[in-house]
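Participant: Fold the following and give me the result.
(one chain, ligands or ions: 2)
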Amino acid sequence: MEIGIQIAIDGPAAAGKSTIAKITANKLGYTYIDTGAMYRALTYKALKEHIDVYDDEALSQLLSRIVIELSPAEEGQIVRVEGEDVTEAIRSQEVTSNVSAVAAQPQVREMMVEKQRLLANSKGVVMDGRDIGTAVLPNAELKIYMTASVEERAARRFVENTKRGIDRSMEQLCQDIANRDKADMERIASPLKQADDAIFIDTTSMSIEQVADTIIQHAEKRKGR
Ligand SMILES: Nc1ncnc2c1ncn2[C@@H]1O[C@H](COP(=O)(O)OP(=O)(O)O)[C@@H](O)[C@H]1O
Ligand SMILES: Nc1ccn([C@@H]2O[C@H](COP(=O)(O)OP(=O)(O)O)[C@@H](O)[C@H]2O)c(=O)n1
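Facilitator: Ligands and ions are numbered 1, 2, ... in the order given. From the prediction side, this is the model:
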């Protein structure tokens, strides 16, 4: 049986990482792991328990006593915290505007990276996030750094939000995305940046199918090596 390769997809907010990671994983029969959902799940729980989102110690303690479960589903992935289905709740505005603070905490990151490496242990995995190619899976056979203009990313999120019933203007979304990118790129602990050996894809003028086909072609080449 084919063992499968590790595919790391990184990039800024709303670049299309999860969408493409899901399609690629389905196509190749691999496991899909959305690491952003793990940081969001911890943020959701911290807000619920009134824990300071800048308090690394308190957040790490919280993380050590909760179970975050990612299970595959038709629509991608179901996220549970302590058995509670938080798939929708972790996309709320409140979680989105606090998640980068939580994700900047060094101890939290160390614990998350450890969990993510265990999840990827079985090979045949597509993992998306901010530090997958640089920190979580530095030996991944295929690394992609995906981006698009801020305006395009805000427009994509706008359409998605409309379907979800979230009311946020284009101006607000551009600002939210720019702020989150800045926080993710400027933090000390494994900031968002392109790995030296990652393939750069600007998806601004590409369809979902075009991006997915490009990545699958790269994956097929790496698999054959
Ligand atoms: N190449 C693309 N062209 C148009 N829309 C896209 C493209 N890639 C993703 N999208 C849409 O943009 C939105 C954000 O994508 P998502 O995969 O959630 O991004 P990320 O995981 O990087 O935050 C989704 O609604 C998705 O359908
Ligand atoms: N590997 C990862 C994944 C996410 N994150 C953090 O988690 C946040 C949410 O990630 P996400 O992938 O769900 O974000 P979206 O781009 O989907 O909105 C990011 O803005 C980062 O602050 C991270 O630091 N490292």
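
Participant: shouldn't Met146 be in contact with Val211?
Facilitator: Yes: with contact defined as C-beta atoms under 8 Å, Met146 counts as touching Val211 (7.3 Å). All C-beta atoms are positioned from the backbone trio N, CA, C, and that covers glycine.

Participant: shared neighbours of the two, which are they?
Facilitator: 16, 20, 201, 203 (C-beta atoms under 8 Å, 6 or more residues apart in numbering).

Participant: Switch those residues over to CSV; also include neighbour count, secondary structure and distance to ligand 2.
Facilitator: Shown next, in CSV, are the shared contacts of Met146 and Val211 (neighbours: other C-beta atoms under 10 Å; DSSP: H, G, I helix; E, B strand; the rest coil; distance: C-beta to the nearest ligand atom, whole Å):
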residue, neighbour count, secondary structure, distance to ligand 2
Gly16, 23, coil, 9
Ile20, 25, helix, 12
Ile201, 22, strand, 15
Thr203, 23, coil, 13
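
Participant: Spell out the residue ranges of the strands in this protein.
Facilitator: With strands called from DSSP state E, the chain shows them at 6-10, 31-34, 68-73, 76-81, 84-85, 125-129, 142-147, 199-202.

Participant: Counting neighbours, which bits of the first one end up buried?
Facilitator: Just to be clear, that refers to strand 6-10. Buried residues in strand 6-10, defined by neighbour count with 16 or more other C-beta atoms under 10 Å: 6-10.

Participant: Could you single out the nearest of the residues you listed to ligand 2?
Facilitator: Asp10 (7.4 Å; C-beta to the nearest ligand atom).

Participant: State the pLDDT value of that closest one.
Facilitator: pLDDT, Asp10: 98.

Participant: Look up the residues forming beta bridges with it.
Facilitator: When bridges are called by DSSP bridges, Asp10 pairs up with Gly129, Tyr145.

Participant: neighbours around Ala195, how many?
Facilitator: Neighbours of Ala195 under the rule other C-beta atoms under 10 Å: 19.

Participant: Can you verify my assumption that it contacts Thr134?
Facilitator: Yes: using C-beta under 8 Å, Ala195 is in contact with Thr134, at 4.8 Å.
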